[in-house]
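Enquirer: let's see this in three dimensions:
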Amino acid sequence: EVQLAESGGGLVQPGGSLRLSCAASGFTFSSNTMNWVRQAPGKGLEWLSVISGDGNWKSYADSVKGRFTISRDNAKNTLYLQLNSLKTEDTAMYYCAKDRVPGDGNHDFDLWGQGTQVTVSS
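Expert: As a prediction, the model looks like this:
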């Protein structure tokens, strides 16, 4: 079955850190460009970061640049997002998503995980 499954979310204090994981199955993970996207309560989807299939190219939204780091382990078919210096405004459901066309930059995704909740609160 083709699927993505996120994990690693939780409750963290402002300034804290979390590492999110996204386990992929049912497709050739290493050939696909992968993304992280989030949705805060009452708001729309916000694209956060993208990584190429070989992991050599990455890009970030300005809102998370310098605080979040995307990475992948193709041997484990797993995508990661390291979240540092968390702020209350980072509270959201976090999703991993696969590019429909690898690397086209259109934020057009054809596979999503179920999401993992990150809550930043004191």
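
Enquirer: in what helix or strand does the residue positioned nearest the centre of the chain lie?
Expert: The centroid of the chain falls nearest to residue 36 when counting by C-alpha atoms, centre = their mean (2.6 Å). Applying DSSP states H and E as the criterion places residue 36 in strand 34-39.

Enquirer: what comes up buried for that strand?
Expert: 34-38 (16 or more other C-beta atoms under 10 Å). C-beta here means a position set from N, CA and C on the backbone, and glycine is covered the same way.

Enquirer: what's the closest of those to residue 122?
Expert: residue 38 (20.2 Å; C-beta to C-beta).

Enquirer: so what's that closest one up against?
Expert: When contacts are counted by C-beta atoms under 8 Å, 6 or more residues apart in numbering, residue 38 touches 45-46, 48, 90, 92-95, 118.

Enquirer: got any ranges where this protein has weak pLDDT?
Expert: By pLDDT under 70, the chain has no low-scoring segment.
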